[in-house]
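Asker: structure for the following, please:
(chains A and B)
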Amino acid sequence: MTDVSLQMLYGDRAKFALLISGVCFSSILMAQGMAMFFGILAFSFATLDNVRAPIWVVDPMVEQIGDNQPLKDTDVDRVRSVAEVAWAAPFHVGQSQARALGSGITKPVTLVGLDATSMAGAPTRLVAGSITNLRRANAVAIDEEVAARLSPDRFHPLTVGDVFEMNDHRAEIVAIVRTRQGMGGASYVFTTFDRARDYGSGQRKMTTHILAAPRHGLSSESVARHITTATGLSAFTEDEFKSKSSDWMIANSPIPFVVGLIVGIGFLVGVIVAGQTFYTFILENSRFLGALKAMGAGNGRLARMTLLQAAVVGTTGYGIGMGILSLFFRALPDGRAPLVLRWEVAAFVFAAVFLIVCFASFIGIRRVARIEPAIVFRS
Amino acid sequence: MNPAISIRDLHKAYRTGNVITPVLKGVSLDIAPGELFFITGPSGCGKTTLVSVLCGTLLADSGEIEVLNHNLRRMTESQLTQFRANHVGFVFQQFNLIPSLTITENVAIPLRLQHRSPSSARAAAADMLNRVGLGAKLNARPATLSGGQQQRVAIARALVHQPALVVCDEPTSALDSETGREVMELLKPQPSDSPRTVIVVTHDPRIHHYASTIAAMEDGLIHQPPSAIHS
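Answerer: Coordinates of the predicted model:
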């Protein structure tokens, strides 16, 4: 009776479309809410994505990547002295203002100072120029978004060889890179560690992080533990630091509440629209379902037919919803929107749609079970 | 010969809140196999309730009811469902054809409920539709057919699994005289068919002459002994 069940569902096109739309809209709402949550989390640890290092060493009071507690200059040597460490380099992250010459356009930027010798933590996604040229005088590498923002005409962004100012110091662009934007919307400018002192606020202690790597054959996790034990500083692998930063965001920001609200509304929309429409669908078909019961279709068989209808509605609505969302996300500029569609999002939304479908089936089956076969003899 | 249907002192009442409305008040009846048995009477006299109990879609409160050698009062709900699937064909006043299915698919439903394969059920359904004169419209949807044609589809659906009992509720009330006559010709047990008992609930005096027996109901009772029309 599978075909009969499906044809009854497809036959009422308006209801079928409404059911699919309800589940689809609900899937989109829930998935985009969660994608936004993961996207904002990813923005919050953008520095960890833009600067790749196996081990990050920070002040013990640091709770997340955006917390830039300065370290002593001697801390770098203390980390280097740990036997399991292959190399360690000072690293600076701070804020500054970039000012275009001529137009006077001023934009906030995240200033990154790299160790000039090792270039540890240099951005990997190069659009134009050369990172090694950062060793030249007044050299900076800027994110393509900064290049566009500092230009009076966004369609003709600054390019390699152009000059702008930071903290009244001349900065010559030697490379254009692509990075993930941070939470505050400020894009990244890379320079050497020493020059960052001139371009930034000129604070006395410039080292905000120490980047390190384990000796060959050792795991980053174990070496991070060795560094913590030997120096008293906090050392994390990249994943550990991301996780710590995420946990901090979840515990200290209103984002989980806002996202929870969006996901909750999406779930409610699905339950109400799908549940109500499915109930009406069953109600309007009670005469035919009663006829089937009279002709010898038991409650179990009709329940299976109802479940199949609900499952088809659920999977179709979910598939269309996730498809639309994926296409929309693909159309967005890479890394610019705080939206990350992870498999966990798809799995969670599938589970939520499954619950919606179970609810719709439950009220449908309950209604079907209460239909008396003798109903067909009433005019 | 054992009767196809034997009823003794059958009672049925409906309860709405605290109000109990007795509908069948001790009906007793025997229907012989192969009869075309009519039940007539005014609205509200209990015809529909009686026929619902006879075919196992409604349970009686008390009394004895034996249909085709099955004691319906001793059967569980799933046994009654199985009984209806195997032994009873239905013709409803409102046809109750599923609008999204073709007429062949509609007629095939009783066979599908007996777990026949879709292709074999469709072939048997097409054969039955040919017999009721709708062989040219096998893929039509019910809504594209006239009332008379829809009732012929309903009859094909009632007969396709060769049930021993066919229950018809006002099969001609929505049809003109000529179409009503055609419908009754189809329902009439044919010598070539497997033996079947047909029970027709009707108000329609135009078709009374088709009955082998007529039982007149009034106020929850068969108020006079059923009269045999043909010997």
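
Asker: who in chain B is up against chain A?
Answerer: By the rule Cβ under 8 Å from any Cβ of the partner chain, the part of chain B lying against chain A is B:48, B:51-52, B:55, B:57-58, B:77-78, B:81-82, B:84-86, B:88, B:90, B:92-94, B:96, B:98-101, B:105, B:109-110, B:112-114, B:118, B:169-170. Yep, even glycine has a C-beta here, placed from its N, CA and C like the rest.

Asker: report the buried members of those residues.
Answerer: Neighbour-count burial (16 or more other Cβ atoms under 10 Å in any protein chain shown) applied to the residues of chain B next to chain A gives B:48, B:51-52, B:55, B:57-58, B:81-82, B:84-86, B:88, B:90, B:92-94, B:96, B:98, B:100-101, B:105, B:109-110, B:112-113, B:169-170.

Asker: what ranges do the helices span in the chain?
Answerer: Unless you meant another one, I'm taking chain A. Applying DSSP state H to chain A gives helices spanning A:2-11, A:13-44, A:46-50, A:74-80, A:144-149, A:193-199, A:220-231, A:238-252, A:255-284, A:286-294, A:299-331, A:343-370.

Asker: my bad, the chain I had in mind was chain B
Answerer: Under the criterion DSSP H, chain B contains helices at B:47-54, B:77-87, B:103-113, B:118-131, B:147-159, B:177-187.

Asker: what comes up buried for the longest one?
Answerer: Meaning helix B:118-131. For helix B:118-131, by 16+ other Cβ under 10 Å, it's B:121, B:122, B:124, B:125, B:126, B:128, B:129, B:131.

Asker: nearest to residue B:63 among the residues you listed?
Answerer: The shortest gap between residue B:63 and any of these belongs to residue B:128, at 35.3 Å (Cβ to Cβ).

Asker: remind me, longest strand of chain A?
Answerer: Longest strand of chain A, by residue count under DSSP state E: strand A:85-100.

Asker: out of the helices of chain A, the one nearest residue B:201 is which?
Answerer: helix A:286-294 (14.1 Å).

Asker: what's that closest one packed up against?
Answerer: The contact analysis (3 or more Cβ pairs under 8 Å, 6 or more residues apart in numbering or on different chains; DSSP states H and E) places helix A:286-294 against helix A:299-331.

Asker: for the helix it packs on, give the mean pLDDT please.
Answerer: Rounded to a whole number, the mean pLDDT of helix A:299-331 is 90.

Asker: same question, stretch A:95-102
Answerer: Throughout stretch A:95-102, pLDDT has a mean value of 88.

Asker: how far is it from where the chain is centred?
Answerer: On the basis of Cα atoms, centre = their mean, to the nearest Å, stretch A:95-102 sits 29 Å off its chain's mean C-alpha point.

Asker: pull out the buried residues from that stretch.
Answerer: Those would be A:96, A:98, A:99, A:100, for stretch A:95-102 by 16+ other Cβ under 10 Å.

Asker: report how many residues lie close to the residue in the stretch 251-379 of chain A positioned nearest to chain B.
Answerer: Of all residues in the stretch 251-379 of chain A, the one sitting closest to chain B is residue A:296 (2.4 Å; Cβ to the nearest Cβ). Residues lying near residue A:296 (other Cβ atoms under 10 Å in any protein chain shown) number 25.

Asker: OK, contacts around it?
Answerer: B:81, B:82, B:84, B:85, B:86, B:88, B:110, B:113, B:114 (Cβ atoms under 8 Å, 6 or more residues apart in numbering or on different chains).

Asker: one more time with 10 Å, if that's ok
Answerer: Counting by Cβ atoms under 10 Å, 6 or more residues apart in numbering or on different chains, residue A:296 touches A:373, B:56, B:80-88, B:90, B:109-110, B:112-114, B:161.
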